[in-house]
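# Need a 3D model of the sequence below.
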Amino acid sequence: MAYRVVCIEDDAEMIDLLRLLMVREGYDYIGARGGVRGLRAVFDSKPDIVLLDLMMSDMDGWNVYETLKHDPETSHIPIIIVTATAQSDEKLIEMRVSRDDQFIFKPFTASVLLSTIRRTLSQA
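Model (predicted):
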């Protein structure tokens, strides 16, 4: 059985790029453009992990994160924040992100993303 990954991102090209990578690696992938669609995708599909962009036009990524972490149906799902936020904001992100979740900065390599996903899933 393949792990299910939901990617919540507002960049359609990034959603498609990650789809190619995730499917090639054997993951069941669902891409959702924007926070509202992303929340719906998570609640409908109950994924094993979520990839979440912070800067989206329809809904702030932190609002998506807080919604998922405060709902008993989704609070256990690990989240990897994938963001273009400046590296200087790393301490702020560390303070806001649960110990069970991770973050990586764009641009990233496929190997960094995949190793972060594998590590996060093995710890879940």
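
# Beyond the lowest-mean-pLDDT helix or strand in the chain, next helix or strand please.
In the chain, no helix or strand scores lower on mean pLDDT, DSSP states H and E than helix 90-96, which sits at a mean of 63. Next helix or strand after helix 90-96 toward the C-terminus (DSSP states H and E): strand 102-105.

# Just list what that following strand packs against, helices and strands only.
On a contact count with 3 or more C-beta pairs under 8 Å, 6 or more residues apart in numbering; DSSP states H and E, strand 102-105 meets strand 79-83, helix 90-96, helix 110-123. C-beta here means a position set from N, CA and C on the backbone, and glycine is covered the same way.

# hey, which of these is tucked in deepest?
strand 79-83 (a mean of 22; mean count of other C-beta atoms under 10 Å).

# quick one: that strand to chain centroid distance?
For strand 79-83, the distance from its own C-alpha centre to the chain's C-alpha centre is 4 Å (C-alpha atoms, centre = their mean, to the nearest Å).

# And for stretch 1-21?
With C-alpha atoms, centre = their mean, you get 9 Å for stretch 1-21.

# Can you mark which positions in it are buried?
3-10, 14-15, 18-19, 21 (16 or more other C-beta atoms under 10 Å).

# again with stretch 63-71
Across stretch 63-71, burial judged by 16+ other C-beta under 10 Å covers 64-65, 67-69.
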